[in-house]
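**Q** A structural model of the following input is requested.
(one chain, ligands or ions: 2)
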Amino acid sequence: MAALLELENIRRSYPSGDEQVEVLKGIGLQIEAGEMVAIIGASGSGKSTLMNIIGCLDKPSAGRYRVAGVDVSQLNSDKLAQLRREHFGFIFQRYHLLSHLSATQNVEVPAVYAGIPLARRQARARELLSRLGLEGRLTYRPGQLSGGQQQRVSIARALMNGGQVILADEPTGALDSHSGEEVMATLRQLCAAGHTVIIVTHDASVAAQAERIIEIRDGEIISNPPPVSHPAAQSFTRPSEKRVGSWRQKLGAFREALTMAGLAMMANKMRTLLTMLGIIIGIASVSSIVIVGEAAQEQVLSDIRAIGTNTIDIYPGKDFGDDEPQYRQALKFDDMTAIEHQPWVHSASPRISKSLRVRYGNRDAAASVTGVNGQYFSVYGMAFSEGGGFNQTQIDSRAQVVVIDKNTRRQLFPDKAQVVGEVLLVGNTPATIIGVAKDKSSMFGSSKTLSVWMPWSTITGRISGQSWLDTITVRVNDGFDSALAEQRLTQLLELRHGRRDFFTYNMDELLKTAEKTTGTLQLFLTLVAVISLLVGGIGVMNIMLVSVAERTREIGIRMAVGARASDVLQQFLIEAVLVCLVGGAIGMMLTLTIAFTLRLFLPGWEIGFSPMALLMAFLCSTLTGVLFGWLPARRAAKMNPIDALARE
Ligand code: ADP
Ligand code: MG
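**A** Ligands and ions are numbered 1, 2, ... in the order given. Modelled structure (predicted):
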């Protein structure tokens, strides 16, 4: 029968400057199942290098190594990880325990990657630790344990998944003589129980406890007694633990990674917080812009709706700016009456514009006089600083009343405190001032000429006698489609006029334009916010890279006990996502605070907290984590376990 471990002409060289330094110079070795072998040699003779090759942590530069007849050079990294996980158990001189985990959790690590369910692996870890005399130290961290106790924890870890081959590299090197003897006694017991034990040491008294001593000097074997057969040894088969489905394994690894991520975050609270700050600001700005932006847009649109979006203006001519004489008189009073009789029309109001002089005492000025009806001021959202607008009686009776604007008041009444009730001349018609309109801060701007308003009937009946209208403003019933109304109006007037000598302007178009404008603005602001989120993400990437560099040893240990590259990748990715998610949650709370504060200051605003914003923040955080955690996680996963372990 072939030996359990067979090394054939194994060479290992390291690059040193321009040349290669050969550390192992053709090692040939056979180790049978159940043996207790000591490899002895001076410091620097290549023992650890050989041990790492035997444990499949490192690959030989040349030569062939077979484990239970399988050439390991044929195995991919996942298969090698499986081999380490299920068959080998490592014991290191410096214990290599994970400092933030308890004794039990440290022992459990290899089982996590083997996919053993939590309860089962906890029970087994406790049992192993108790067997090694550590029942009172289960929850202690490595830092709270003595060297001998730590080494016993690492022995328990080596046995977790079976550990048919125990590889101990200077297991007593860091221990006092008493603890060292205890560890050696344990290793002898394990050998007696059927485990294959390989010990590397420079100490002859330690080596003397093995049944076979292989001596190595400067990378060459100088003494190699024949293997000893152990018929009772554990055969190299699958571990006795029942294997579980791969989803179970994934879930276990996921939970482990989550715990680890939490621990890593807690271990560096200040740094975690600062890293998160970028994400917090990023998410808060993205979501508040979405929320506040929606409210602002709603505000602008409702302002526009207030001036009547369900109105359609009808003008004579082909289009704005058209002053062809043949069209000027196109709109008649009868048109207005006909329009008013349509069932879907709420009201129709005419507008007539004239340029006239206004006079008061010895002052006079040019003014644009507009004939309107009573609804005009409310439709255009105009307020009064004195007095008010027209009522229906004034319209019906062609009352000689006038509303003036601020400029007119300044021009004609510079010294008067009260102007309502004064009578001025509009053209040659005397009219009583009934109101002064406030300055309008609207999108319609102000002109150089003074503006005054009179009932339209007064202008047609008493001032100009004009029989046509300059504009008809039609207010459509609420709920009636304004595009359809526009179409119907056009049909009606075309039928009446026999030709198309008018055009319509739908206020709905203004609303659409405003919607588009505010939408563009919001998109722009969102982009700025996304940039801040990106900056936050880069912060996360930066810290994760630092974290990977700091935790190289941890990565090495995990790989040595059987973590696959994908497990390491997943762990660091989960850490990045967790940082971003927690940051995102805090950012969301910040947004809530901002939203509620804004509500206090802007009472009219409808600041809502939509589930859409919540979902978006969640997605953004996760995506940022994955995006910016990927590079550091990849770097961690690509690490060579040996290089990782070598760093202290
Ligand atoms: P031992 O364990 O017997 O003390 P090692 O196997 O650790 O010795 O190292 C044997 C030799 O190989 C040493 O001279 C060391 O400098 C060299 N060596 C080990 N690891 C590396 C490495 N990663 N790169 C270069 N040289 C190395
Ligand atoms: Mg060594």
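
**Q** Which parts of the stretch 1-150 of the chain are helices?
**A** Assigned by DSSP state H, counting those that start in this stretch, the stretch 1-150 of the chain shows helices spanning 47-54, 77-86, 103-114, 118-131, 147-159.

**Q** Give the rounded mean pLDDT of the shortest one.
**A** Model confidence over helix 47-54 averages 93 on the pLDDT scale.

**Q** same thing with the longest one?
**A** Mean pLDDT, taken over the full extent of helix 118-131, equals 93.

**Q** pLDDT weak spots in the stretch 101-250 of the chain?
**A** 232, 234-246, 249 (pLDDT under 70).

**Q** Repeat the analysis, applying 80 as the threshold.
**A** The model of the stretch 101-250 of the chain has pLDDT under 80 over residues 230-250.

**Q** For ligand 1, what's the nearest residue on it?
**A** The nearest approach of the stretch 101-250 of the chain to ligand 1 comes at residue 200, 6.8 Å away (CB to the nearest ligand atom). In short, each C-beta sits where N, CA and C put it, glycine included.

**Q** sorry, back to before: out of the helices of the stretch 1-150 of the chain, flag the one nearest residue 619.
**A** The closest of these to residue 619 is helix 103-114. By CB to CB, the value is 29.4 Å.

**Q** Specify the angle between that closest one and helix 147-159 in degrees.
**A** Taking axes from the mean of the first three to the mean of the last three CA atoms, to 10 degrees, helix 103-114 and helix 147-159 form an angle of 20 degrees between their directions.

**Q** tell me the angle of helix 103-114 relative to helix 118-131?
**A** Orientation check (the same axes, to 10 degrees): helix 103-114 against helix 118-131 gives 130 degrees.

**Q** and helix 103-114, what does it pack onto?
**A** Packed against helix 103-114 by the contact rule (3 or more CB pairs under 8 Å, 6 or more residues apart in numbering; DSSP states H and E) you find helix 77-86, helix 118-131, helix 147-159, helix 246-267, helix 552-560.

**Q** Tell me the buried residues in the lengthiest strand in the chain?
**A** Longest strand in the chain, counting residues (DSSP state E): strand 345-360. Across strand 345-360, burial judged by 16 or more other CB atoms under 10 Å covers 345-352, 354, 356, 358-360.

**Q** Redo those residues as a markdown table? Include pLDDT and distance to ligand 1.
**A** Shown next, in a markdown table, are the buried residues of strand 345-360 (pLDDT from 0 to 100; distance: CB to the nearest ligand atom, whole Å):
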| residue | pLDDT | distance to ligand 1 |
| --- | --- | --- |
| 345 | 86 | 90 |
| 346 | 82 | 88 |
| 347 | 80 | 91 |
| 348 | 81 | 92 |
| 349 | 81 | 91 |
| 350 | 85 | 95 |
| 351 | 86 | 91 |
| 352 | 88 | 96 |
| 354 | 86 | 98 |
| 356 | 89 | 99 |
| 358 | 91 | 98 |
| 359 | 91 | 103 |
| 360 | 91 | 102 |
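
**Q** how near is the residue in the stretch 401-550 of the chain that ligand 1 sits nearest to to residue 97?
**A** For the stretch 401-550 of the chain, the residue closest to ligand 1 is residue 549, as judged by CB to the nearest ligand atom, at 17.6 Å. Residue 549 is 20 Å from residue 97, where distance means CB to CB, to the nearest Å.

**Q** Between these two, which has more neighbouring residues?
**A** The residue with more neighbours, out of residue 549 and residue 97, is residue 97; 24 against 12, by other CB atoms under 10 Å.

**Q** Get me the contact residues on the stretch 301-450 of the chain for ligand 1.
**A** For the stretch 301-450 of the chain, no residue is in contact with ligand 1 (CB under 6 Å from any ligand atom).

**Q** Could you pull up the residues touching whatever residue of the stretch 301-450 of the chain ends up closest to ligand 1?
**A** Using CB to the nearest ligand atom, the closest approach of the stretch 301-450 of the chain to ligand 1 is made by residue 301 at 68.3 Å. Going by CB atoms under 8 Å, 6 or more residues apart in numbering, residue 301 touches 511, 514, 515, 518.

**Q** Now the buried members of the residues you listed.
**A** Taking 16+ other CB under 10 Å as the criterion, what is buried in the contacts of residue 301 is 511, 514, 518.

**Q** Output those in a markdown table; the columns should cover pLDDT.
**A** Shown next, in a markdown table, are these (pLDDT from 0 to 100):
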| residue | pLDDT |
| --- | --- |
| 511 | 78 |
| 514 | 81 |
| 518 | 83 |
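
**Q** Which members of the residues you listed are positioned in strands?
**A** Short answer: these have none in strands (DSSP E).

**Q** Up against ligand 1, what does the chain have?
**A** So the chain meets ligand 1 at 14, 23, 41, 43, 44, 45, 46, 47, 48, 49 (CB under 6 Å from any ligand atom).
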